[in-house]
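Student: sequence isn't available, so here's the structure alone:
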Ligand code: G3H
């Protein structure tokens, strides 16, 4: 397999995906102003190498500002001022008005689809199809969020009466939110916390992921013009220079972070009043697929290839280890290898491509270390070309048999390595899950309802979602997405996200003529924005 030949020369890049110039981005957004950065910049290297004669050079596609703690604190101050202890224009606005601002943003965002999709391909190597899907799914998520908030507001517009007390209960914002997303879904995962945070009336400091940063640039102007100053502030730079100092001020009320549990732990600890910090975290995972002896092998193989290797295994929900029953291990592994070998390596824009270059520096070396360690402890690479590496390419490796001496048995590889272990007794599988540090999802493939039922009960208190005859995944976005142990904190879904970025506040009074009159007057004369029976259609 000649992976090197997958990299194009300049002429081989289709004009539809060509980047016209180097994207040197020096703007950042604070307090409604697009500021120009004069300091040091971080080069943005694409995972794509370009052939130049006999040489291959990693393409630099742009650069982003390396802001310092000073700018990070300015951004935080702007968000704090815009929130103004809950009396700012944004948190005091009616739900209908806030929805209007978000709709305005969405219209402008949709105009940038092509630009953002192109940058997704160049920056993180996501296939064109998946990059388009990420963009569209994000727009749909925002639309669904608006619908869910309208529903929520309608339900809150009435009064409840209980034990001689009447009250109106509404959800109100928490304060200042810091939103940080991951490089594998730099748009979708970030916006699926950013927009619920905004629309509920919080003000936000948003720091894009480590990679997948330039693609936010086409949206900066839409942010600037769609929201009042200070409501959304976008900063860039190294986490250690910018994020820790913001946490240390104690002025952050909500921390929305998709990344490692180690990173989340450190940042949470930096906050001086941890009881005042609400965290919504999407963290590490080691999702397991269980292949029972009566599984439909074609379906299991198909779902495991998709589950373990779509976007080169760089999904938090990816299947990261497979336990196959020993009665069918040979057949399963041979079919799986056959399917893996059909995956076509290529550029993100190539038609039908299944394997693309990896964006993280040092990633192929890390994956190679995992393979060497597994081989040293007795595993074999089962598929042709498994683990073949050239520059940023790593051809998927199916490893068998894996055991608890190997790093791959416990570590989240977040890449194209598929470790397989065989099992005989159900207890072996259950024990792995009980002792795992992670608890996001798992998949069970089989037909025997008695065994599946037994597994469901064994795992329901261990993971956030059990998939039957299907790969692990986040969607549909209306379903709860969470995890246990080191895998997550809080639950996200279109409706859950509205709840996690808000708190219920209520007005209550004893039911008597005097109080009914006061409440009636407030509503009739529109003397309060909170206490109101207005209904959003
Ligand atoms: O990386 C984690 C994503 O939330 C996974 O979403 O299952 O839709 O790929 P997905």
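Tutor: Yep, it's here. Since this is a predicted model, take the numbers as computed values, not measurements. Numbering: from 1, shown residues only.
Student: if you count neighbours, what's buried in the single longest helix found in the chain?
Tutor: Among the segments of the chain that qualify as a helix by DSSP state H, the longest is helix 128-156. Of all the residues in helix 128-156, those buried under the rule 16 or more other CB atoms under 10 Å are 128, 130-132, 134-135, 137-139, 141-142, 144-146, 148-150, 152-153, 156. Just so you know, the C-beta spots here come from the backbone N, C-alpha and C atoms, and that holds for glycine as well.
Student: show me what it is packed up against.
Tutor: helix 95-110, helix 113-124, strand 165-173, helix 188-199, helix 494-500 (3 or more CB pairs under 8 Å, 6 or more residues apart in numbering; DSSP states H and E).
Student: where does the stretch 151-300 of the chain dip in pLDDT?
Tutor: Applying pLDDT under 70 to the stretch 151-300 of the chain flags no residue at all.
Student: which bits of it sit near the ligand?
Tutor: Residues of the stretch 151-300 of the chain that fall close to the ligand, judged by CB under 6 Å from any ligand atom: 184-185, 189.
Student: can you check the chain too?
Tutor: Checking the chain against the ligand by CB under 6 Å from any ligand atom, the hits are 184-185, 189, 315-317, 473-475.
Student: show the buried residues in the residues you listed.
Tutor: In the residues of the chain next to the ligand, burial by neighbour count holds for 184-185, 189, 315-317, 473-474, counting by 16+ other CB under 10 Å.
Student: make JSON lines out of those residues and add secondary structure.
Tutor: Listed next are those as JSON lines, based on DSSP: H, G, I helix; E, B strand; the rest coil:
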{"residue": "184", "secondary structure": "coil"}
{"residue": "185", "secondary structure": "coil"}
{"residue": "189", "secondary structure": "helix"}
{"residue": "315", "secondary structure": "coil"}
{"residue": "316", "secondary structure": "coil"}
{"residue": "317", "secondary structure": "coil"}
{"residue": "473", "secondary structure": "coil"}
{"residue": "474", "secondary structure": "coil"}
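Student: closest one of the residues of the stretch 151-300 of the chain next to the ligand to residue 233?
Tutor: Of all those, residue 233 sits closest to residue 189, with 19.2 Å by CB to CB.
Student: ok, the closest one to residue 360 distance?
Tutor: Shown here: residue 189 relative to residue 360, a distance of 16 Å by CB to CB, to the nearest Å.
Student: what does residue 247 give?
Tutor: Using CB to CB, residue 247 is found at 25 Å from residue 360.
Student: of these two, who's got more company?
Tutor: More crowded of residue 247 and residue 360, by other CB atoms under 10 Å: residue 247, with 20 against 17.
Student: surely that one meets residue 276?
Tutor: No: contact between residue 247 and residue 276 fails when scored by CB atoms under 8 Å: they sit 11.6 Å apart.
Student: point out the most buried one among the helices and strands packed on helix 128-156.
Tutor: Ranked by mean neighbour count under mean count of other CB atoms under 10 Å, the helices and strands packed on helix 128-156 are led by helix 188-199, which reaches a mean of 26.
Student: can you list contacts of that one?
Tutor: Applying CB atoms under 8 Å, 6 or more residues apart in numbering, the set of residues contacting helix 188-199 from outside is 98-99, 102, 134, 137-138, 141-142, 145-146, 149, 177, 179-182, 204, 206, 208-209, 227, 231-232, 254, 256, 258, 280, 282, 477, 492, 497-498, 500-501.
Student: now with 6 Å?
Tutor: For helix 188-199, contacts defined as CB atoms under 6 Å, 6 or more residues apart in numbering pick out 98, 102, 134, 137-138, 141-142, 145, 149, 177, 179, 181-182, 204, 206, 256, 258, 497-498, 501.
Student: could you do stretch 142-158 as well?
Tutor: Defining contact as CB under 6 Å, 6+ apart, one finds that stretch 142-158 is touched by 95, 99, 106, 170, 195-196, 199, 494-495, 498, 533, 535-536.
Student: change it to 7 Å
Tutor: Residues from elsewhere that reach stretch 142-158 (CB atoms under 7 Å, 6 or more residues apart in numbering): 95, 99, 102-103, 106, 169-171, 191, 195-196, 199, 477-478, 494-495, 498, 533-536.
Student: all strands for the stretch 301-450 of the chain, in order.
Tutor: 319-325, 380-381, 389-390, 393-394, 397-400, 417-423, 438-439, 441-445 (DSSP state E, counting those that start in this stretch).
Student: wait, which of the ones you listed is closest to residue 85?
Tutor: In terms of CB to CB, the element of the strands of the stretch 301-450 of the chain nearest to residue 85 is strand 438-439, at 37.5 Å.
Student: for residue 161, what is the enclosing helix or strand?
Tutor: strand 160-162 (DSSP states H and E).
Student: partner strands of that strand, with direction?
Tutor: Strand pairing for strand 160-162, determined by DSSP bridges: strand 165-173 (antiparallel).
Student: spatially nearest residue to residue 140 (excluding sequence neighbours)?
Tutor: Nearest in space to residue 140, with sequence neighbours left out and distances taken as CB to CB, 6 or more residues apart in numbering, is residue 477 at 7.6 Å.
Student: for the ligand, what's its nearest residue on the stretch 1-150 of the chain.
Tutor: At 7.9 Å from the ligand, residue 137 is the closest residue in the stretch 1-150 of the chain, using CB to the nearest ligand atom.
Student: any idea how far that residue is from residue 188?
Tutor: Distance of residue 137 to residue 188, given as CB to CB: 6 Å.
Student: list the contacts of the strand holding residue 161.
Tutor: Under CB under 7 Å, 6+ apart, the answer for strand 160-162 is 167, 169, 511.
Student: list the buried residues of stretch 334-343.
Tutor: Buried residues in stretch 334-343, counted by 16+ other CB under 10 Å: 335-337, 339-340, 343.
Student: want to try JSON lines for the residues you listed, with distance to residue 23 and pLDDT as columns?
Tutor: Formatted as JSON lines, the buried residues of stretch 334-343 follow (distance: CB to CB, whole Å; pLDDT from 0 to 100):
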{"residue": "335", "distance to residue 23": "43", "pLDDT": "98"}
{"residue": "336", "distance to residue 23": "40", "pLDDT": "98"}
{"residue": "337", "distance to residue 23": "40", "pLDDT": "98"}
{"residue": "339", "distance to residue 23": "37", "pLDDT": "98"}
{"residue": "340", "distance to residue 23": "35", "pLDDT": "98"}
{"residue": "343", "distance to residue 23": "30", "pLDDT": "97"}
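Student: could you redo the residues you listed as TSV and give each row distance to residue 33?
Tutor: Shown next, in TSV, are the buried residues of stretch 334-343 (distance: CB to CB, whole Å):
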residue	distance to residue 33
335	58
336	54
337	56
339	52
340	50
343	47
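Student: just name the closest of the residues you listed to residue 79, please.
Tutor: residue 343 (43.9 Å).
Student: OK, contacts around that closest one?
Tutor: Contact partners of residue 343, counting by CB under 7 Å, 6+ apart, are 309, 354-355, 396.
Student: most surrounded residue in those?
Tutor: Going by other CB under 10 Å, residue 396 tops these with 26 neighbours.
Student: give me the phi and psi angles of that one.
Tutor: When read as degrees, to the nearest 10, the backbone of residue 396 gives phi -50, psi 140.
Student: what is the neighbour count of the nearest residue to it once chain neighbours are set aside?
Tutor: By the measure of CB to CB, 6+ apart, the closest residue to residue 396 outside its immediate chain neighbours is residue 416, 3.9 Å from it. Neighbour count of residue 416, defined by other CB under 10 Å: 29.
Student: for the ligand, see how far away residue 416 is.
Tutor: 15 Å (CB to the nearest ligand atom, to the nearest Å).
Student: contact partners for that residue?
Tutor: 309, 312-313, 355, 394, 396.
Student: nearest to the ligand, out of those residues: which one, please.
Tutor: Nearest to the ligand among these: residue 313, at 10.5 Å, using CB to the nearest ligand atom.
Student: isn't that closest one up against residue 408?
Tutor: No: look at residue 313 against residue 408 with CB atoms under 7 Å: they stay out of range, at 11.9 Å.
Student: next up, phi/psi of residue 519, please.
Tutor: Main-chain dihedrals, residue 519, degrees, to the nearest 10: phi -60, psi -40.
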